[in-house]
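J.: What follows is a predicted structure for the sequence shown.
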Amino acid sequence: MEKTCTLLVHFDKGTPALANEIKEQLEGHDVELKVDAMKKAVMLLLNGETLPTLFITIVRYVLPSEDHTIQKLLLLYLEIIDKTDAKGKILPEMILICQNLRNNLQHPNEYIRGVTLRFLARLKEAELIEPLIPSILTNLEHRHAFVRRNAILAMTAIYNLPQGEHLLVDAPEMIEKLLVSEQDLSARRNAFLMLYTCAQDRAVNYLLNHLENVSSWGDILQMVVLELVRKVCRSNPAEKGKYIKIVILLLSSTSAAVMYECAGALVSLSSAPTAIRAAGNCYCQLLLSQSDNNVKLIILDRLTELKAAHREIMVDMVMDVLRALSSPNLDIRRKTLDIALDLITPRNIDEVVMTLKKEVVKTQNMELEKSGEYRQMLVQAIHACALKFPEVASTVVHLLMDFLGDSNVASALDVVFFVREITETNPKLRESIMFRLLDTFYQIRSSRVCTCALWIIGEYSVSLQEIENGIAVIKQSLGDMPFFSAAEESDANVAGDNKASGNKGPAPINVSSASSKRPAVLADGTYATQSAVAETAGPLSVSTASSNPASNLRAILLTGDFFLGAVVSATLTKLVMRMEEAQPSAVALNKTKAEVLLILVSMLRLGESSVLPHPIDKDSYDRISLCIRLLSSPDDVIRTVWLKYCHDSFVVMLKEKQDRENEDLKAKAMVSYAQPDDLIDFYHLKSRKGMSQLELEDEVQTDLKRATGEMSKDGDTDRNLNRVLQLTGFSDPVYAEAYVTVHQYDIVLDVTVVNRTTETLQNLCLELATMGDLKLVERPQNYALAPQASKQIKANIKVSSTETGVIFGNIVYETTSALDRNVVVLNDIHIDIMDYISPASCADVVFRNMWAEFEWENKVAVNTNIQDVQEFLDHVVASTNMKCLTPPSALEGDCGFLAANLYAKSVFGEDALVNVSVEKQPDGKLGGYIRIRSKTQGIALSLGDKITLKQKG
């Protein structure tokens, strides 16, 4: 049987010492060898060895030693060995030990006394302790504080033993007297802790009698005071007001740990605005004063919880929270921005945006490697602010447009998406935005940013001046036509012929990036062959660009990016169509048309030439050809489609995005706590009875909580009953059932065991084992169970990753009638992955980036009885506890095909990506695949198993 252990030492199993070697070393006179032998003996005993013959040797040769190290090791040895026989009686040889312990307690050296008292604090045998009580009590008055503080610890441990109150009858009274006269901080802390655990009323009286001195007590004593306040307020909520005053008094402590605990105590004990404001200010103060990043992250978590429960109070602290952006850590900055964005109001929006602008400007001068990523976070934050409060957009949009040419493509993309949205939602800013965009267009070096900027130019250039400027900027960016000369094409042909014949000829034009055959992920989650590199954000190559530094579009086109070419063609075509309405001169219009047609034809020629390593893709070819046809023979219907319906689609997309955000906010706001017939306690009609403002506020908040139903959480009862699992049958001698509670990083099993027999079950033990990334933290102890009696046994299991796990085990017990141990096998407990993942949102760009990065993919074939694609998607979303990122408008209609992206996050911060691609087959059944991707194997496999199990419908 396993025993309790109060000592843990690392043991190298490679070269275990022999008992005879240890015995010889102990019998010698060399102190160093004796120390080494005692260490080996302790380690062997800790690892299951018995060493029965060693005890007498130690009594003869080690007990008389005066060396302090040997005496300390002797006490560790005595702590580990068995002091009782199989029947629980004290071994006779322990009498020798008792005499030695008494001598140690009267030793002239304070170290020997202190370590002996510390040893007695771990001793459980009352028969050994009883004769030592007088010696322990004399040490309470020893001149040295080290002895006194360990004597108090020993008294606390003895008093907590089953027979402790008989061994130390008046211990609390003695400790209380000692507490009044004691000067050493650690000793006072131990004494107050003893009163807190053993005589709470005395601790409360001492605290109330010394209230004026609490602020001058040391931090370790103040921490115990806070524990006492929490305990008293939970047991007696009516007296909460006077104890909260103590907590607020301790907020001014110089110790960061005490301040943190005070803030936590205030939040847990009171909902009064004054208390919450004091706690929030304390957290903000700690956020700035502490240098440890882990501490900052913990405090930000507390502020997030405070914001969720008391947003209206936290709004005033948003600027204090934003000061945490001075930390260079990205996780801290991200959490800080998340908190601040939830706290913006019309009153503080200007200050918040001003701070964010200053931070954006700082990123230009920062040499840090992650300044681009930080800038991206700031751009997203400013974007969110501008959407909530459009009036601030004018103050930030021009500053952000300086970053369209950012080398961090993700940051530049966020800027251009922000500009696109603000251009639509703020008509007053369009003219200045268009002017600024055309002015900075040549700085853009990324293909994806260029495509979005070109769309803005084509969509919002309305006046003749804007149209002409737009065409001029695009022409300048493309450079002179044609894109290549006849000599370059002939050189490329020669090189191709030489390569085919095996000879080395002149190298073809060096392009900055070659074709990539890796499949790309489209917006609907399906795959497509990527025929050109989408990202080009580096400096322009001399070999591909013209000598003009403004020819950024030309440089990207010459890398083979014909999708950009198609976007350029569409933009120029739109601008010409708009010019037809705005340009009165037919000559100027025809000239512009001819120039645009030349550009389009030149792009087609470039795509079909041998200058580039691969030809133009068919999609881009068709798109450019369509633009040429539209310019050659205009059509009113097509003009309406290009100039009106495209813009209408974008407006609908923005509206859907806004509606989805509003629905999420409404869902949070619709949680109802109050019933129509609940009582209302009016603040101004409340009896004051000499209460302070804080006590009055706390009373009102408590009444409010009671009225709004926050104090009663009965609604979860049905859901909780679903977590009760039957582990044994009703006919088994021992009936067991478990209530499973899943916390963030651990699982608590609350197992109820019932003795169904007429005999007493002895040494009943719940033995558990786990499979998967689960680990049993502590083995449950043994119990004796009377006939028909029941027992609650708790077991903690640590979880290290999001993976389906299994807990299995049995109940072992002994009876008086049978010699053998009886075993009852338990049903397996399956831990569901659904307990660890929750729906989450992310942008399409982020989803596609993660899909490309993640290594683990689990492909599950669709096999279901459901015959409707939309119904099947809803079923998968409900079964997997994920969120569908694909907007409802993209899923509308009945075409028999559906592709959607789902996303969820685990409590460990892992991302789970799912793509559902399903179609209705001719026989009416659904076919297709569900792909799951994640960074770790466990979540991909577990989620795949869950979908396979649940998809039938």
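T.: Cool, got the structure.
J.: From here on, just use CA atoms for contacts and neighbour counts.
T.: Fine.
J.: Go ahead and list the helix or strand containing Tyr903.
T.: Assessed by DSSP states H and E, Tyr903 sits inside strand 897-906.
J.: Packing partners of that strand?
T.: strand 837-839, helix 869-880, strand 883-884, strand 911-920 (3 or more Cα pairs under 8 Å, 6 or more residues apart in numbering; DSSP states H and E).
J.: contact partners of it?
T.: Residues outside strand 897-906 that contact it (Cα atoms under 8 Å, 6 or more residues apart in numbering) are 524-526, 802, 836-842, 869-870, 877, 881-886, 891, 911-920.
J.: strands paired with that strand, and their directions?
T.: strand 837-839 (antiparallel), strand 883-884 (antiparallel), strand 911-920 (antiparallel) (DSSP bridges).
J.: Now do that strand: distance to the chain's middle.
T.: What separates the centre of strand 897-906 from the centre of its chain is 21 Å, taken as Cα atoms, centre = their mean, to the nearest Å.
J.: Under the pLDDT cut-off, which ranges of the stretch 651-800 of the chain? List them.
T.: Residues of the stretch 651-800 of the chain that meet the criterion pLDDT under 70 lie in 664-722, 744, 800.
J.: all strands in it, in order from the N-terminus.
T.: Along the stretch 651-800 of the chain, the stretches classed as strands by DSSP state E, counting those that start in this stretch are 724-726, 734-742, 746-755, 761-771, 774-776, 783-785, 790-799.
J.: can you tell which of those is closest to His142?
T.: strand 783-785 (41.1 Å; Cα to Cα).
J.: Okay, buried residues for the closest one please.
T.: Ala784, Leu785 (16 or more other Cα atoms under 10 Å).
J.: and what of stretch 830-841?
T.: Ile831, Asp832, Ile833, Met834, Asp835, Tyr836, Ile837, Ser838, Pro839, Ala840.
J.: how near is the second one to Val845?
T.: By that I understand Asp832. Noted for Asp832: a distance of 30 Å to Val845, by Cα to Cα, to the nearest Å.
J.: Repeat that for Glu767.
T.: In terms of Cα to Cα, Glu767 sits 49 Å off from Val845.
J.: One more: Tyr621?
T.: Distance from Tyr621 to Val845, by Cα to Cα: 26 Å.
J.: Please apply the same query to Thr741.
T.: 37 Å.
J.: Repeat that for Val877.
T.: In terms of Cα to Cα, Val877 sits 21 Å off from Val845.
J.: Looking at these two, which is more packed in?
T.: Of the pair Val877 and Val845, Val877 is the one with more neighbours under other Cα atoms under 10 Å, namely 18 against 13.
J.: Now do the more buried one, the pLDDT please.
T.: Here the pLDDT value assigned to Val877 is 88.
J.: What of the one 10 residues further on?
T.: Among the per-residue scores, Pro887 holds a pLDDT of 81.
J.: Could you report the neighbour count for it?
T.: Around Pro887 there are 14 residues (other Cα under 10 Å).
J.: Contact partners for it?
T.: Glu656.
J.: do the same with Pro131
T.: Taking Cα under 8 Å, 6+ apart as the test, what Pro131 contacts is Cys98.
J.: Work out for me the element the residue of the chain most remote from its centre sits within.
T.: Farthest-out residue of the chain from its mean C-alpha position, per Cα atoms, centre = their mean: Val587, at 63.9 Å. Val587 belongs to helix 586-608 when elements are defined using DSSP H and E.
J.: Can you mark which positions in that helix are buried?
T.: Neighbour counts over helix 586-608 (16+ other Cα under 10 Å) mark 589, 592-593, 596-597, 599-607 as buried.
J.: cool, and stretch 70-90?
T.: 70-80, 83, 90.
J.: could I get those as CSV with distance to Ser394 and pLDDT?
T.: Shown next, in CSV, are these (distance: Cα to Cα, whole Å; pLDDT from 0 to 100):
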residue, distance to Ser394, pLDDT
Ile70, 77, 87
Gln71, 77, 87
Lys72, 74, 88
Leu73, 74, 88
Leu74, 77, 86
Leu75, 75, 86
Leu76, 73, 86
Tyr77, 76, 85
Leu78, 77, 85
Glu79, 74, 83
Ile80, 74, 83
Lys83, 81, 77
Ile90, 85, 79
